[in-house]
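> Pasting a predicted model and its sequence here:
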Amino acid sequence: MKPFRSVRTAFFVAPAVLALAAGGSAAQTPAPQYPAYPSESPVRFEPTHHGFDHERRDVMIPMRDGVKLHTVVLVPKGAKGAPMLLTRTPYDATHLTSHRESAHLSAVLDGYDNAVETIVEGGYIRVVQDVRGKYGSEGDYVMNRPLSGPQNPTPVDHSTDTYDTIEWLVKNVPESNGKVGILGISYDGFLPLMALVNPHPALKVSVPMNPMVDGWMGDDWFHYGAFRQQNLPYIYDQQATRKNDSKWWMSHFDDYDMFMEAGSAGELARRRGLEQMGFWRKILQHPAYDAFWRDQAVDRILAAQPLKVPVMIVHSLWDQEDIYGAPAVWRAIKPKDTGNDKVFLVMGPWYHGQEISEGSSLGAIRFGSDTALTFRREILRPFLDQYLKDGAPKADLPPVMAFETGTNTWRRLPAWPAGCASGCKVTPKPFYLSAGSKAGFSAPKSGEASFTEWVSDPAKPVPFRARPIQPVGYEAPLTWTRWLVDDQREASGRPDVAVFVSEVLTAPVKISGQPVANLIASTSGTDSDWVVKLIDVWPDEVAGQPEMGGYQLAVAMDIFRGRYRESFETPGALEAGKPLAYRFALPTANHVFKPGHRIMVQVQSSWFPLYDRNPQTFVPSIFWAKPEDFRKATQRLHHASGQASYVELPLVTTE
């Protein structure tokens, strides 16, 4: 190829060289002349929007510091005295309001983050705004921008930006009735919570769905200190540029291989240039639960605020991203609801954000109805109408609407946790992990083996799902949304996963609330992770759905990083070989283990590559663990009398 390119170069240069040699000048060659041939595109095209059922307005709304935020306002044709539904987002307001090129509002909104039936059938004015520093908005972007204070030296935050936005909307959208509701999912769900701090008087209702609340305790970034390294691409895409146009790249088909090859999360991030991004530098500086995380924990923030605005908190029971946040906010603010009429909780059998999608199944699990459509039309719409529409009737909603998995039934509950409307109670009861891979409500007997042992090898960590492991993503063929309901048989057959299973149930066992892991465990290393999974095991054969025979459905599971056993803020080495107590809550469940099923608990010491590997040798920062730090460890789960390990189940019993 090189000779060919050289020949071409000589061919094109030669005429100029000859002209110069003859005393001429290449610069004197007259430019070619063309006849007038104007562009067929207009200097400025004005679309007609003929036949549209809505009007679109793109506006820049000024904030108190002079920064202007790009906002899309979609007004239904003929709207008069209509309320407004606001979503603030870092995910591109233009895209979220342009899912289709269509004259119809329903088609334009059909996608994330829009509860389409609620908005369109309710006649709402839809407002979507880019947060400061993203896409069309001015200003600086800060991940989950903290409130003005110790972590934010500026006078502006999401609370003030929401206030200023609503102030502008009620003055400049003449078709509205001056009432605003705010709602959204995930990061967009975190923002309706921020709006509750010094809320604008026109804000009449807030609906945080699957909100990011505490990034260290159990939402996007860590779970009890274990880092969720598969979110590195999110940080990269979100912070590299204002418009997310610099994308993380794949180097392996299997994420397992990509993270293993890098060695540590810190090293992979370094190779991809993440240290240019402020949020990643903050994560590196704050691997423990220090003031940086505590100051931003939204449940803590709202616990210190007066309750002024009605709130509907929406939680997904299989939320693969923010399974901690919604129940945490409920626990923080429900005690303030002295009239029992301002704080509501909805729990559905969904993945993260599935409540605005199709909800009749999740993976292989079927629910018998479109639970998400039921939510949008029978729960969300009446709730919003009550507070936002003049003269609307009061919604017939209890404080808690909870879908009961196992029986596939919506339950109207007076509180949470509560097992039923009346006549029952929730009682914590130990479900013991015993010798011989047995489990049950009877305490271990003397004379049985005192521990179950396995070897945890960081060179062969337990995959969190069957390989090849896909990256995080929502577009087909990616299946990230359903990993929490993956069949757990893949793990139960590994020698580095301890398995404990009950006898076949002869009566239903219902739990409502948070199971709590209580482990007495030891390791030959000086650091360790502990993963506990509470599982519903289907009968060996299932009529009408044969593929469900023996299915192992995770009901609640989580990870705990051992170095934080004594203090979340100050990590410490574990004493090798010493049985130590670990107690941590698993995610919220509302489930019935049916007769013919069995209850299983799995315990393991890695969950890869969702979480970074623990080297099992105590090092100052696992982000920078070296290859020589990663060592095999012999793990023991103790279950002798006086050292019993168990999962405390929130058991529902009749009074």
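Cool, got the structure.
> looking at the protein, which helix or strand is least sure?
helix 2-21 (a mean of 38; mean pLDDT, DSSP states H and E).
> After it, which helix or strand is next?
strand 54-62 (DSSP states H and E).
> in that next one, what counts as buried?
His54, Arg56, Val59, Ile61 (16 or more other Cβ atoms under 10 Å). Bear in mind the C-beta positions are built from the backbone N, C-alpha and C, glycine included.
> One more: stretch 426-438?
Val426, Pro430, Phe431, Tyr432, Leu433, Ser434, Ala435, Lys438.
> Now do the contacts for the fifth one.
Under the criterion of Cβ atoms under 8 Å, 6 or more residues apart in numbering, the contact partners of Leu433 comprise Ala439, Thr452, Ala498, Phe500, Val601, Val603, Leu637, His639, Ala644, Ser645, Tyr646, Val647.
> can those go into JSON lines with extra columns for pLDDT?
Shown next, in JSON lines, are the contacts of Leu433 (pLDDT from 0 to 100):
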{"residue": "Ala439", "pLDDT": "98"}
{"residue": "Thr452", "pLDDT": "97"}
{"residue": "Ala498", "pLDDT": "98"}
{"residue": "Phe500", "pLDDT": "98"}
{"residue": "Val601", "pLDDT": "98"}
{"residue": "Val603", "pLDDT": "98"}
{"residue": "Leu637", "pLDDT": "98"}
{"residue": "His639", "pLDDT": "94"}
{"residue": "Ala644", "pLDDT": "95"}
{"residue": "Ser645", "pLDDT": "98"}
{"residue": "Tyr646", "pLDDT": "98"}
{"residue": "Val647", "pLDDT": "98"}
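> Closest one of those to Gly225?
Val603 (17.4 Å; Cβ to Cβ).
> residue ranges of the helices in the stretch 351-500 of the chain, please?
Here the stretch 351-500 of the chain has its helices, by DSSP state H, counting those that start in this stretch, at 371-374, 381-388, 489-492.
> will you turn the ones you listed into JSON lines that also has mean neighbour count and distance to Ala31?
Formatted as JSON lines, the helices of the stretch 351-500 of the chain follow (neighbours: other Cβ atoms under 10 Å; distance: least, Cβ to Cβ, whole Å):
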{"stretch": "helix 371-374", "mean neighbour count": "20", "distance to Ala31": "64"}
{"stretch": "helix 381-388", "mean neighbour count": "20", "distance to Ala31": "64"}
{"stretch": "helix 489-492", "mean neighbour count": "18", "distance to Ala31": "70"}
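> Compare these and say which comes out lowest on pLDDT.
For these, mean pLDDT drops lowest on helix 489-492, to a mean of 95.
> where does it sit relative to the chain's centre, distance-wise?
Relative to its chain's centre, helix 489-492 lies at 25 Å (Cα atoms, centre = their mean, to the nearest Å).
> How about stretch 226-241?
So, by Cα atoms, centre = their mean, the centroid of stretch 226-241 is 13 Å from its chain's centroid.
> Buried residues, it. List them.
226-236, 238-240.
> Between the two ends of it, how far is it?
End-to-end distance of stretch 226-241 (Cα to Cα, to the nearest Å): 27 Å.
> mean confidence for that stretch?
97.
> Nearest spatial neighbour of Pro393, chain-adjacent residues omitted?
The shortest distance from Pro393 to any non-neighbouring residue, by Cβ to Cβ, 6 or more residues apart in numbering, is to Gln386 (7.1 Å).
> got a list of what that neighbour touches?
Taking Cβ under 8 Å, 6+ apart, one finds Ala392, Pro393, Lys394, Ala395 in contact with Gln386.
> closest to Ala107 out of the helices of the stretch 351-500 of the chain?
helix 371-374 (17.5 Å).
> so how far is that closest one from its chain's centroid?
Per Cα atoms, centre = their mean, the centroid offset for helix 371-374 relative to its chain is 20 Å.
> re the thing from before, in strands, which of the contacts of Leu433 appear?
Among the contacts of Leu433, the members found in strands (DSSP state E) are Ala439, Thr452, Ala498, Phe500, Val601, Val603, Leu637, Ser645, Tyr646, Val647.
> how about those residues, which pair is most distant?
Farthest pair in the ones in strands among the contacts of Leu433, by Cβ to Cβ: Thr452 and Val647, 14.5 Å.
> Name the spans of this protein whose pLDDT lies under the cut-off.
1-27 (pLDDT under 70).
> again, 80 this time
1-28 (pLDDT under 80).
> most centrally placed residue in it?
Central residue of the chain (Cα atoms, centre = their mean): Glu321, 2.7 Å from the mean position.
> Leaving out the residues flanking it, which one is nearest to it?
Per Cβ to Cβ, 6+ apart, closest to Glu321 is His352, 4.4 Å.
> count of residues packed around Gly525?
24 (other Cβ atoms under 10 Å).
> I'd guessed it sits against Asp629; true?
No. With contact defined as Cβ atoms under 8 Å, Gly525 does not reach Asp629; the gap is 10.2 Å.
> CA atoms of stretch 395-414 as CSV?
Provided in CSV are the C-alpha atoms of stretch 395-414 (Å, rounded to 0.1, in the frame of the first residue of the first chain):
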residue,chain,number,x,y,z
ALA,A,395,-58.3,8.7,45.8
ASP,A,396,-59.4,5.5,47.4
LEU,A,397,-55.9,4.5,48.5
PRO,A,398,-54.6,3.0,51.8
PRO,A,399,-51.2,4.1,53.2
VAL,A,400,-49.6,1.1,51.6
MET,A,401,-50.3,-0.8,48.4
ALA,A,402,-48.1,-3.8,48.3
PHE,A,403,-48.0,-6.6,45.7
GLU,A,404,-47.6,-10.0,47.4
THR,A,405,-45.3,-12.1,45.3
GLY,A,406,-45.9,-15.9,45.4
THR,A,407,-49.7,-15.4,45.6
ASN,A,408,-49.6,-12.6,43.0
THR,A,409,-52.1,-10.4,44.9
TRP,A,410,-52.2,-6.7,45.6
ARG,A,411,-52.7,-6.0,49.3
ARG,A,412,-54.2,-2.9,50.8
LEU,A,413,-52.2,-2.3,54.1
PRO,A,414,-52.5,0.2,56.9
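> what's that stretch in contact with?
317, 340, 343-349, 365-369, 371, 374, 379, 382-383, 385-386, 415-416, 418, 420-422, 508, 510, 512, 536, 555, 589-594.
> mind listing what's buried in stretch 516-529?
516-529.
> Can you give me the first-to-last residue distance of that stretch?
16 Å.
> again with stretch 344-360
23 Å.
> related to what we said a few turns ago, so which of the contacts of Gln386 wins on neighbours?
Going by other Cβ under 10 Å, Ala395 tops the contacts of Gln386 with 17 neighbours.
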